[in-house]
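Engineer: Fold the following, please.
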Amino acid sequence: MKLFSLFTTTLLTLTGISSYNLQAGEPIKWSGKEVQTHDTLWDCHRVDSHAPIGVMGDHIHTVGEVMVSYRYMFMDMEGMRDVTTDLSSQQLFGRGFPVAPTSMTMDMHMLGFMFAPTDEVTLFAMSNYVFKDMDHVTAPGSPPRAAMGPQFLQGSEGWGDTSFGALVKIHDANHKRVHLNLGLSAPTGNLTTLAYPMHTGTGTWDLLPGITYLWQDGALSGGAQLMGRVHLDDNDLGFAYGDSVETTGWLAYMLNERFSISGRLTLEHAGDIDGRDIRLSGPVFIAPPMDAANHSGTWAEFGIGANFYAKNGHRLAIETVIPFYQDLNGPQMQRDWMLTVGWQKAF
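Structural biologist: This is a model prediction of the structure:
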């Protein structure tokens, strides 16, 4: 947790200090346009008033406002890793696993809804539909080969868990905002007959606490967010995924009134699975994903994104995230890259 404290402090420092120290009323110019800075109210109509599309629960709304959103997320995972060392399929076979995963993809379609009954509280709900595929190879001469072949694919799909809650404003002045993220996740997703990574839901009720900080200054903006997930019980299969915490910070620059670009750093830690799937037995597992001990770790990632704000209020955004550090309690599948594309519209 010392690593998280250092990382969070660094993000708050970087994102809380703008490169512009302007006198009140002094404008920033680009492409013949001006951005006035004398008004101390938060400008929710700026293209960069929303965080990069990969950040959830990043903004609040004014009283009576409704927003609907759609996000498509694709994640690609390639190869296995234990701690910080890459492992080949042959090395996994040497550890006694007759089956080795080689790659995994996840496609997720996310629908979101937000409504502000007051200026201080914004309610939200989000659900998703997930597709997962995992490729495997089988060790030559191993017993599973006759049943599954030297190479095989396993897949799952279904609704994920549904999250809902409130964003509560606690500060709004001088182009800076702070709000609390108070959420719950309901177990609406599927628990499949496959290994832990292939479930589309957790099967548990989860707390989703967090806090978000935002600022605007001239053509620059940024923010930082700290979010957690705490599993409140075990699911029907006898386990709960490990609790997790994620801290992220971003900087955005307005190219003009309609376009902005962003950079983001994220640090995430997921704990060990509590219990085990009652259908899976040890001490020898066919493949690493079947072992509950192989699913915790720490990830550091960098994202590059862009936002577009149309005159009719439609927002389009894209972000690509690539990990640059992975310390995995494995062997387990390592992340390769992730893409999020989204649309948002407020009424």
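
Engineer: which secondary structure element contains residue 90?
Structural biologist: Secondary-structure assignment from DSSP states H and E places residue 90 in helix 89-94.

Engineer: number of nearby residues for the residue nearest to residue 215 when sequence neighbours are not counted?
Structural biologist: Nearest in space to residue 215, with sequence neighbours left out and distances taken as CB to CB, 6 or more residues apart in numbering, is residue 176 at 4.7 Å. Glycine gets a C-beta too; all of them are placed from N, C-alpha and C. In terms of burial, residue 176 registers 16 neighbours under the definition other CB atoms under 10 Å.

Engineer: Contacts only, for residue 176.
Structural biologist: For residue 176, the residues meeting the contact criterion (CB atoms under 8 Å, 6 or more residues apart in numbering) are 42, 213-216.

Engineer: residue ranges for the helices of the stretch 1-150 of the chain, please.
Structural biologist: 2-16, 89-94, 145-148 (DSSP state H, counting those that start in this stretch).

Engineer: what's the second one packed up against?
Structural biologist: Meaning helix 89-94. Packed against helix 89-94, as judged by 3 or more CB pairs under 8 Å, 6 or more residues apart in numbering; DSSP states H and E, are the following elements: strand 99-115.

Engineer: Name the residues of the strand it packs on that are buried.
Structural biologist: By neighbour count, with 16 or more other CB atoms under 10 Å as the criterion, the buried positions of strand 99-115 are 99-106, 108, 110, 112, 114-115.

Engineer: Pick the one among those residues closest to residue 326.
Structural biologist: For residue 326, the closest of the buried residues of strand 99-115 turns out to be residue 104, at 14.2 Å, with distances computed as CB to CB.

Engineer: so the closest one touches residue 133, yeah?
Structural biologist: Yes: contact criterion CB atoms under 8 Å: residue 104 and residue 133 qualify, at 6.8 Å.

Engineer: TSV for the contacts of residue 176, including pLDDT, distance to residue 334 and secondary structure?
Structural biologist: Shown next, in TSV, are the contacts of residue 176 (pLDDT from 0 to 100; distance: CB to CB, whole Å; DSSP: H, G, I helix; E, B strand; the rest coil):
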residue	pLDDT	distance to residue 334	secondary structure
42	86	39	coil
213	98	31	strand
214	98	32	strand
215	97	34	strand
216	96	36	strand
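
Engineer: In PyMOL, how would I select the buried members of those?
Structural biologist: In PyMOL, selecting the buried portion of those, with burial taken from 16+ other CB under 10 Å, looks like this:
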select buried, resi 42+213+214+215+216
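
Engineer: between the contacts of residue 176, which is nearest residue 245?
Structural biologist: Closest approach to residue 245 among those (CB to CB): residue 213, at 16.3 Å.

Engineer: Confirm residue 289 sits in a helix?
Structural biologist: Yes: counting by DSSP: H, G, I helix; E, B strand; the rest coil, residue 289 falls inside a helix.

Engineer: Could you report the distance from it to residue 342?
Structural biologist: According to CB to CB, to the nearest Å, residue 289 stands 29 Å off from residue 342.

Engineer: Look at those two and report which has more neighbours.
Structural biologist: Applying other CB under 10 Å to residue 289 and residue 342 shows that residue 289 carries more neighbours, namely 26 against 22.

Engineer: Report the separation between the spatially closest residue to the more buried one that is not a sequence neighbour and residue 131.
Structural biologist: The shortest distance from residue 289 to any non-neighbouring residue, by CB to CB, 6+ apart, is to residue 195 (3.9 Å). When distances are taken as CB to CB, residue 195 and residue 131 turn out to be 16 Å apart.

Engineer: mind checking which helix or strand of the chain has the lowest mean pLDDT?
Structural biologist: None of the helices or strands of the chain scores lower by mean pLDDT, DSSP states H and E than strand 28-30, at a mean of 40.

Engineer: circling back to that earlier point, out of residue 195 and residue 131, which sits in the busier spot?
Structural biologist: When residue 195 and residue 131 are compared for neighbours, residue 195 comes out ahead with 23 against 15, by other CB under 10 Å.

Engineer: From residue 239, how far out is that one?
Structural biologist: From residue 195 over to residue 239 (counting by CB to CB), the distance is 12 Å.

Engineer: my read: residue 100 touches residue 94, true?
Structural biologist: No: no contact is recorded between residue 100 and residue 94 when judged using CB under 8 Å, the distance being 10.3 Å.

Engineer: how about the helix holding residue 90: buried residues?
Structural biologist: For helix 89-94, the neighbour count (16+ other CB under 10 Å) marks 89, 92-93 as buried.

Engineer: Chain neighbours aside, what residue packs nearest to residue 114?
Structural biologist: Nearest-residue entry for residue 114: residue 67, 4.3 Å, with adjacent residues in sequence omitted and distances by CB to CB, 6+ apart.

Engineer: Across the sheet, point out what pairs with that neighbour.
Structural biologist: With DSSP bridges as the criterion, residue 67 is bridged to residue 114, residue 346.

Engineer: can you start the count at 734 instead of 1 from here on
Structural biologist: New numbering, starting at 734: the last item is residue 800.

Engineer: Neighbours of it, how many?
Structural biologist: Other residues within reach of residue 800, judged by other CB under 10 Å, total 20.
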